[in-house]
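>>> Requesting a structural model of the entry that follows:
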Amino acid sequence: MTNRVRLQAKLVGRADLRYTPAGIAVLQSTLSYSGAVAEAGIERQLEFELEAVALGDAAKRLDRQALGTALEVDGFLAPTSKRARRLRLHITEFKAI
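Predicted coordinates:
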């Protein structure tokens with residue numbers, strides 16, 4: 001099975017860059033999406049925010065982006081913790097657009 005997400009969204013929030021005990025950079029952020037998608041032949045307008053996290057080099061690069069920057073994000077969805085049912089986007093790659 002595949003778990004891949006590609007999204008164009010704005011960076012609207014972020015926490016301070018932190019490091020795991022193993023020395024891996026972690027950055028929690030909030031992305032905002034506003035746009036139209038087609039569903040069952042009907043255009044649907046969507047607006048939402050979602051939690052995202054980046055690790056390693058992606059976290060360090062994302063930390064340098066200004067709030068409000070439009071991004072094209074690639075990643076995957078995962079629960080926020082081992083037993084949680086709520087999902088968060090894990091950013092594996094991004095570029096400013």
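>>> So what does residue 40 look like in phi/psi?
Torsion angles at residue 40 (phi, psi; degrees, to the nearest 10) stand at phi 50, psi 40.
>>> er, residue 4 actually
Backbone geometry at residue 4, expressed as degrees, to the nearest 10, gives phi -130, psi 140.
>>> Which pLDDT does the model give it?
With respect to pLDDT, residue 4 scores 97.
>>> how far away is it from residue 85?
Separation of residue 4 from residue 85 (C-beta to C-beta, to the nearest Å): 21 Å. No exception for glycine: its C-beta is placed from N, CA and C like everyone else's.
>>> distance from the centroid: which residue in this protein tops it?
residue 41 (27.4 Å; C-alpha atoms, centre = their mean).
>>> quick one: the strands in the protein?
Remark: strands assigned in the chain by DSSP state E are 5-14, 18-19, 25-39, 42-55, 70-79, 87-96.
>>> who does the fourth one touch, helix- and strand-wise?
The contact analysis (3 or more C-beta pairs under 8 Å, 6 or more residues apart in numbering; DSSP states H and E) places strand 42-55 against strand 25-39, helix 57-63, strand 87-96.
>>> export these to TSV and tack on distance to residue 10?
Converted to TSV, the helices and strands packed on strand 42-55 look like this (distance: least, C-beta to C-beta, whole Å):
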stretch	distance to residue 10
strand 25-39	5
helix 57-63	13
strand 87-96	10
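>>> that older thread, and the residue farthest from the centre of the chain, what is it in contact with?
Listed by C-beta atoms under 8 Å, 6 or more residues apart in numbering, residue 41 has no contact partners.
>>> Brilliant, that's me finished.
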